[in-house]
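[1] Okay, here's the prediction I keep looking at, along with the sequence it came from:
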Amino acid sequence: MANFEPTLEYAQGQDDIDILFSFRERFHIPQHEGQDCIYLCGNSLGLQPKSTAYLFEKELADWAKWGVEGHFNAERPWFSYHQQFSPSLARIVGAQKEEVVAMNTLTVNLHLLLLSFYKPSGSRYKIIMEAGAFPSDQYAIETQVRMYGHNPDDAIIELSPREGEHCLRDEDILQAIEEAGESVACVMMGAVNYYTGQYYDLKSITEAAHRIGAIAGFDLAHAMGNIPLQLHDWKVDFACWCSYKYLNSGPGGVGGIFVHEKHGNNPEVFRLAGWWGNDESTRFKMKKGFIPAKGAASWQMSNAPVFNMVGHRASLDIFDKTNMRDLRAKSKRMTAYLEFLLQQLNHLSFTIITPSEPERRGAQLSLLFHDKGREAFDALTNQGVIADWREPNVIRVAPVPLYNSFEDVYRFYEVLKTLAV
Ligand SMILES: Cc1ncc(COP(=O)(O)O)c(C=O)c1O
Ligand SMILES: Nc1ccccc1C(=O)C[C@H](N)C(=O)O
C-alpha cells in the first residue's frame, strides 16, 4: 500500500467488496452522539448479537411453560443443552466434537485442566509459560505449583523477549523448551498474548513439548474465534477459552475446553468428577462409582447454566453461517489496513508492538505509547472510539472481521490524525 493516500472512499470500496459485510447488521453497535461508535474492542468484550434477546425470551417462555419438564421438553432440552455447541466449537478450534465442551469460565477451566495435566513428579515438576501472561493465568499457575509444595520462582520458567524486543522469537521459545528438557512437566502458554497481540506457533510449541516428554496446553482467550486452529491435528493436549471476546457470548459468558481424544477417552487420566461428567446412561441411576462420559464432556461437573449459554447460542449461530477461513482472510486485510494507516501518523509517540507478520498476530494491534498514552486514550473515548487501555502504557485496538468495517478503521485513523494531546 505504499504511496497510497488514505481516503474514506477507499475504505468504503473495501466494504463494498467484503463478503462478510452483512454480518454487521446482526449486532448491536453502541452509540455515541447519535452515531455508531468506532468499536475496536471485540478482543475484550464482543458485541451483542441482535438475536440474543429473542433467544433469552424463548428460553424464559419454555421455563414458564414446562417448569421442570423443560429439561426434556424445552425446544432445546436443558438436559443436553451443552451438546448443541460442540459442532460449532469443534469447527472453530479444529477438533472432533467429543474433544470440546462448553462449561464454566476460563480460569476455573484452567485449574481443572491443570489438575489433570500438570502432574509434577520427582525432578519433572516445572511449567513453562510466557512472561507477562494475563494475571489470572499467572495466579492459577503460581497456586498450582504451590499446591504440590513447589516454589513458583523455581518451578515456573517464564519466557521473556530478548533485550529491547517486545515479542518472543519462535526459535527462542523452542530452544528454551529443549534446554529445560526433563525438568518440565507442562508447557502452558497463551495462544495470543493479551498485551502484545503476538500469536505463538502452537504446533511447533506442542511438538517441542512432546519431544521433551511434557504436556502442551494453551489458553485460547484471545485466539478463539480470531484465528483458525487445528488443535486435534497439532496434537495439543488441552486448551481452554472464554467466549465473551471474539465469540460475542456476553459478559462472563460460558467458557469451554478442548481435551485431545488420546486423553479424553483414557479413564486413567485423572479428572475431578461431578454428575454431569458421568456417562449419560447411568447419570440418574444414583449409584456409587463415577463412570466418565466420552471425551471432554467428562470434565463437566454441574448441569448446564442454561441462561449463561443463551448468548453463546446466539453467537455460534452466526459463526455457523460463515467460517474461520473467510473471517481470517478479512481479518488479515483489515489489520494490515489499520497498520498502514497508523504508519501514516507521526504526531503521536507510539510503537506498534504486535508482530508485523500476519501469521504471527490476529485482529489486534497494540500501540505502546512513549508519552501521553493515557491522554490519547481518554481523548479517543471522548470522540466515540471504544478501544482499551492496558497498564502500563498500551492501547489495544482490534478490528473484528465479523462486524467491523474498513470504514470503522478509516474513521479511527481520522480521529487519531486530529488528536491533540
Ligand atoms: C488470557 C486470559 N486469561 C484469563 C482471563 C480471565 O478469564 P475468566 O474471568 O473467564 O476466568 C482472561 C480475560 O478474559 C484472559 O484474557
Ligand atoms: N472480563 C473483564 C471485566 C472487566 C474488564 C476486563 C475484562 C476482560 O475480560 C479483560 C480481558 N481478559 C483482557 O484481555 O484484558
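    Looks like it arrived, so ask away. Numbering: from 1, shown residues only. Ligands and ions are numbered 1, 2, ... in the order given.
[2] how about the helices of the protein, start to end?
    Here the chain has its helices, by DSSP state H, at 8-16, 51-66, 70-73, 86-93, 106-117, 135-147, 152-155, 170-180, 202-211, 261-264, 310-320, 324-343, 373-382, 406-417.
[3] mind giving me TSV with those and columns for mean neighbour count and distance to ligand 1?
    For glycine as for every other residue, the C-beta is placed from the backbone atoms N, C-alpha and C. Shown next, in TSV, are these (neighbours: other CB atoms under 10 Å; distance: least, CB to the nearest ligand atom, whole Å):
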stretch	mean neighbour count	distance to ligand 1
helix 8-16	14	29
helix 51-66	15	19
helix 70-73	15	26
helix 86-93	21	16
helix 106-117	21	3
helix 135-147	17	4
helix 152-155	14	17
helix 170-180	15	17
helix 202-211	18	14
helix 261-264	18	22
helix 310-320	23	13
helix 324-343	18	18
helix 373-382	17	19
helix 406-417	20	22
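[4] Reformat the ones you listed as a markdown table; add mean pLDDT and distance to residue 221.
    Formatted as a markdown table, those follow (pLDDT from 0 to 100; distance: least, CB to CB, whole Å):
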| stretch | mean pLDDT | distance to residue 221 |
| --- | --- | --- |
| helix 8-16 | 98 | 29 |
| helix 51-66 | 98 | 21 |
| helix 70-73 | 97 | 31 |
| helix 86-93 | 98 | 13 |
| helix 106-117 | 98 | 6 |
| helix 135-147 | 98 | 9 |
| helix 152-155 | 98 | 21 |
| helix 170-180 | 98 | 19 |
| helix 202-211 | 98 | 14 |
| helix 261-264 | 97 | 21 |
| helix 310-320 | 98 | 15 |
| helix 324-343 | 98 | 16 |
| helix 373-382 | 95 | 22 |
| helix 406-417 | 97 | 23 |
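[5] quick one, which of these is nearest to residue 299?
    helix 106-117 (5.9 Å; CB to CB).
[6] Next, the angle helix 135-147 makes with the closest one.
    30 degrees (axes from the mean of the first three to the mean of the last three CA atoms, to 10 degrees).
[7] for helix 106-117, packing partners?
    Under the contact criterion of 3 or more CB pairs under 8 Å, 6 or more residues apart in numbering; DSSP states H and E, helix 106-117 touches helix 135-147, strand 184-190, strand 215-219, strand 238-241, strand 256-259.
[8] which residues touch the residue in the stretch 151-300 of the chain that ligand 1 sits nearest to?
    Proximity of the stretch 151-300 of the chain to ligand 1 (CB to the nearest ligand atom) peaks at residue 221, 3.6 Å away. By CB atoms under 8 Å, 6 or more residues apart in numbering, the residues touching residue 221 are 106, 134, 190, 191, 192, 194, 241, 242, 245.
[9] Can I get the residues you listed in JSON lines including distance to residue 117?
    Converted to JSON lines, the contacts of residue 221 look like this (distance: CB to CB, whole Å):
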{"residue": "106", "distance to residue 117": "16"}
{"residue": "134", "distance to residue 117": "19"}
{"residue": "190", "distance to residue 117": "16"}
{"residue": "191", "distance to residue 117": "16"}
{"residue": "192", "distance to residue 117": "21"}
{"residue": "194", "distance to residue 117": "22"}
{"residue": "241", "distance to residue 117": "16"}
{"residue": "242", "distance to residue 117": "19"}
{"residue": "245", "distance to residue 117": "24"}
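[10] According to the record, where do the domains of the chain fall?
    8-48+323-417, 57-320 (automatic domain parsing).
[11] Ligand 1 contacts on the stretch 151-300 of the chain?
    The interface of the stretch 151-300 of the chain toward ligand 1, taken as CB under 6 Å from any ligand atom, is made up of 190, 194, 219, 221, 222, 242, 255.
[12] Residue 110 is in contact with the third one, correct?
    Spelled out, it's residue 219. Yes. Here residue 219 reaches residue 110: they are 6.4 Å apart, a contact under CB atoms under 8 Å.
[13] Can you pull the residues that touch both of the two?
    137, 240.
[14] Filter the residues of the stretch 151-300 of the chain next to ligand 1 down to the buried ones.
    190, 194, 219, 221, 222, 242, 255 (16 or more other CB atoms under 10 Å).
[15] residues touching the fifth one, list them.
    The one in question is residue 222. So residue 222 contacts 43, 190, 191, 192, 193, 194, 197, 245, 362, 364 (CB under 8 Å, 6+ apart).
[16] how about these, which pair is most distant?
    193 and 245 (13.5 Å).
[17] what residue ranges in the stretch 201-350 of the chain score low on pLDDT?
    Within the stretch 201-350 of the chain, not a single segment meets pLDDT under 70.
[18] Kindly provide the distance from the residue of the chain most remote from its centre to residue 281.
    Distance from the C-alpha centroid of the chain peaks at residue 287, with 37.9 Å (CA atoms, centre = their mean). As for residue 287, its distance to residue 281 is 12 Å (criterion: CB to CB, to the nearest Å).
[19] And for residue 184?
    From residue 184 to residue 281 the distance is 39 Å (CB to CB).
[20] Of those two, which one has the most company?
    residue 184 (25 against 9; other CB atoms under 10 Å).
[21] Could you count how many residues lie near the residue nearest to that one when sequence neighbours are not counted?
    Closest residue to residue 184 apart from its sequence neighbours, by CB to CB, 6 or more residues apart in numbering: residue 214 at 4.4 Å. Applying other CB under 10 Å, we find 27 residues neighbouring residue 214.
[22] The one 3 residues further on too?
    Residue 217 is surrounded by 28 other residues when neighbours are defined as other CB under 10 Å.
[23] now residue 18
    18.
[24] Next, the residue nearest to the spatial centre of the chain: phi, psi?
    Centroid check for the chain by CA atoms, centre = their mean gives residue 221 as the closest residue, at 2.4 Å. The phi/psi pair for residue 221 (degrees, to the nearest 10) reads phi -40, psi -50.
[25] hmm, who's touching stretch 281-295?
    So stretch 281-295 is contacted by 96, 98-99, 101, 259, 261, 264-265, 267, 271, 273, 275-280, 298, 300 (CB under 8 Å, 6+ apart).
[26] and it, how far apart are its ends?
    Taking CA to CA, to the nearest Å, the first and last residues of stretch 281-295 lie 15 Å apart.
[27] what about that stretch, distance to the chain center?
    Centre-to-centre, stretch 281-295 and its host chain are 31 Å apart (CA atoms, centre = their mean, to the nearest Å).
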